[in-house]
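1. Based on what follows, work out the 3D shape:
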Amino acid sequence: MSCLQDWPEQIVRVQSLSDSSLPVIPGRYVKPPSERPSIESGADTEINIPLIDLGGLVGDDSLRATTMRHISDACKDWGFLQIVNHGISPDLMHQVREVWRQFFHLPIELKQVYANSPATYEGYGSRLGVEKGAILDWSDYFFLNYLPMSQKDHNKWPALPTSCRELIDKYCDQLVKLCGTLMKVFSINLGLGEKYLQNAFGGEDIGACLRANLYPKCPQPDLTLGISPHSDPGGMTLLLPDDHVTGLQVLSNAIYKSVEHRVIVNSVKERISLAFFYNPQSDLLIEAAKELMTADRPALYSPMTYNEYRLYIREKGLCGKSQMDSLKSLG
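-> Okay, the predicted model is just below:
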């Protein structure tokens, strides 16, 4: 694993490039023409991503059934949905997003204390993947572990602003509970016992982590991306972006989609987003549910642990869904 101990090149903070008011972005951030945002890509914001009111889950039988069906349809057709009445305090969401904004605007020497390495990615970072000479994304981030408790270390979380650690704890605790609710819904919708997916993830011994993303202002947003196309490697992602849209992604032998997505940047304002990853136990063997396999629909992927897959992703970097495709079973 020595290849993951250090970054292959000197790290440059994208925020510092943005603050320097460069008229053009450095060449290492310029994407190939086929990967750049296009005018048409702006139309994506007009697409009506399903909006689900989770309050329906505690309504009468008819409303609950309708809500469950809407969630199932969204997972199958989109792999991405917006949720409201999810139990997370709007005030808490605002506070935790703004405390991260304050962190990213601290003096660089205070942030550099938390500089990360590809060994764990935990801390203050500016690139994903360890390929030397890779074209980089226009973003900085802070990645931290929340669960399991053995990997949770407050000393690795920002000490400033002073409310940061407390807010992160409150926010992540509520998200873990929300994920538990959603896991039950997904299991039932797949025709499995309500605890099936949670148990398959390791029961109470799941993994959870948070990545706060900063997308600084960019003088040439048409040439680069905040995050390159990818599908998240974990089990479910809850996203809180600046525009308050919350999304998730799940994996289940491709019955539910794992959506390839990317992030664009703009020249007018920076953006902050928080991605919460709800993952299987790191050393647990992950494979398609046997109850969901048939002669006509065999397992699409060979069994592997989440740690093995995560390492594979870190070595390859963000490459759309090519990592997933390369792991498909040939038998």
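2. Strands of the stretch 151-300 of the chain, residue ranges please.
-> Taking DSSP state E, counting those that start in this stretch as the criterion, the stretch 151-300 of the chain carries its strands at 207-215, 227-230, 236-240, 261-263, 271-279, 285-286.
3. okay, those strands in CSV with mean pLDDT next?
-> As requested, these are arranged in CSV below (pLDDT from 0 to 100):
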stretch, mean pLDDT
strand 207-215, 96
strand 227-230, 82
strand 236-240, 91
strand 261-263, 75
strand 271-279, 94
strand 285-286, 82
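4. Pipe the ones you listed into CSV and attach mean neighbour count and distance to residue 129 per row.
-> In short, each C-beta sits where N, CA and C put it, glycine included. Shown next, in CSV, are the strands of the stretch 151-300 of the chain (neighbours: other CB atoms under 10 Å; distance: least, CB to CB, whole Å):
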stretch, mean neighbour count, distance to residue 129
strand 207-215, 22, 15
strand 227-230, 19, 9
strand 236-240, 22, 18
strand 261-263, 18, 15
strand 271-279, 22, 17
strand 285-286, 16, 22
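5. Same list, those, but as a markdown table with distance to residue 75 please.
-> As requested, the strands of the stretch 151-300 of the chain are arranged in a markdown table below (distance: least, CB to CB, whole Å):
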| stretch | distance to residue 75 |
| --- | --- |
| strand 207-215 | 20 |
| strand 227-230 | 19 |
| strand 236-240 | 10 |
| strand 261-263 | 15 |
| strand 271-279 | 15 |
| strand 285-286 | 18 |
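6. Which one of those lies nearest to residue 17?
-> Comparison of the strands of the stretch 151-300 of the chain against residue 17 by CB to CB identifies strand 207-215 as nearest, at 12.1 Å.
7. Check which helices and strands the closest one sits against.
-> The criterion is 3 or more CB pairs under 8 Å, 6 or more residues apart in numbering; DSSP states H and E, and the helices and strands that strand 207-215 contacts are helix 90-104, strand 140-147, helix 164-189, strand 271-279.
8. That one pairs with which strands?
-> Neighbouring strands of strand 207-215 in its sheet, by DSSP bridges, are strand 140-147 (antiparallel), strand 271-279 (antiparallel).
9. what sits up against the longest one?
-> Just to be clear, that refers to strand 271-279. By CB atoms under 8 Å, 6 or more residues apart in numbering, the residues outside strand 271-279 that reach it are 96-97, 100-101, 104, 171-172, 175-176, 179, 183, 201, 206-215, 226, 232, 234-242, 263, 265, 306.
10. just the shortest one next, same as before
-> When contacts are defined by CB under 8 Å, 6+ apart, strand 140-147 is touched by residues 13-15, 100, 103-104, 114, 116, 121-126, 151-153, 156-158, 168, 172, 176, 206-214, 216.
11. try 7 Å this time
-> The contact list for strand 140-147 (CB atoms under 7 Å, 6 or more residues apart in numbering) reads 13-15, 103-104, 114, 116, 121-126, 151-152, 156-158, 172, 206-214.
12. Perfect, that will be all.
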